[in-house]
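Undergrad: Got a predicted model here, sequence first, then my questions.
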Amino acid sequence: MVLKVEPVVKLKPWGELSTSLVVSGQEMDSAFLISALQLDGEEGVFSSEGVGVYSGPGWATLTVDKRNAKGADGQAAELIGLVSSRKPALDALQKAGSLVKVDVSGVAESGSGLHLSPDVLAGLAELGVPLTFTTVRASGEDEEDPLAWLG
């Protein structure tokens, strides 16, 4: 039985939403992440619009963005589908000293909200990595009060 839970109060969704598996470590880049997760031979992973691997100095992400699914629930479900079978690889990355997490990020203003269903939260928990949320204001600046977007 799948429990469908909807938020009681209708809030504006976060803008520019994306959900990512974030891996950081000394030698981390896109090629390393693709190899570590054995994504290089998988045709289906990158054929979906709105799914990509991005990197910078010491970090890489496998990201699902709004082109794939508009809401956090759909993005997180897609990400779970991509990485749940790769849990041993996630464990190996963590054991090797990499920091691994799932991050939901977007623009959160007063009156906006985010919904993740119990099934998706359970799927994220099964990955065994922290779940974080990164928010910015439409101006691109962080809120002074980290809980101001609740208000």
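TA: Nice, I can see it.
Undergrad: Low-confidence stretches in this protein?
TA: For the chain, applying pLDDT under 70 flags the ranges 1-9, 41-47, 139-151.
Undergrad: What ranges does it have for its strands?
TA: Per DSSP state E, the chain carries strands over the ranges 12-13, 15-24, 51-56, 59-65, 99-107, 112-113, 131-136.
Undergrad: mind putting the ones you listed in JSON lines, distance to residue 39 and mean neighbour count included?
TA: Using the backbone N, CA and C atoms, a C-beta is placed for each residue, glycine as well. JSON lines is the format used below for the strands of the chain (distance: least, C-beta to C-beta, whole Å; neighbours: other C-beta atoms under 10 Å):
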{"stretch": "strand 12-13", "distance to residue 39": "29", "mean neighbour count": "14"}
{"stretch": "strand 15-24", "distance to residue 39": "11", "mean neighbour count": "21"}
{"stretch": "strand 51-56", "distance to residue 39": "7", "mean neighbour count": "17"}
{"stretch": "strand 59-65", "distance to residue 39": "8", "mean neighbour count": "22"}
{"stretch": "strand 99-107", "distance to residue 39": "15", "mean neighbour count": "18"}
{"stretch": "strand 112-113", "distance to residue 39": "32", "mean neighbour count": "16"}
{"stretch": "strand 131-136", "distance to residue 39": "21", "mean neighbour count": "15"}
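Undergrad: Including distance to residue 89, could these go into TSV?
TA: As requested, the strands of the chain are exported to TSV (distance: least, C-beta to C-beta, whole Å):
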stretch	distance to residue 89
strand 12-13	31
strand 15-24	10
strand 51-56	14
strand 59-65	11
strand 99-107	10
strand 112-113	33
strand 131-136	18
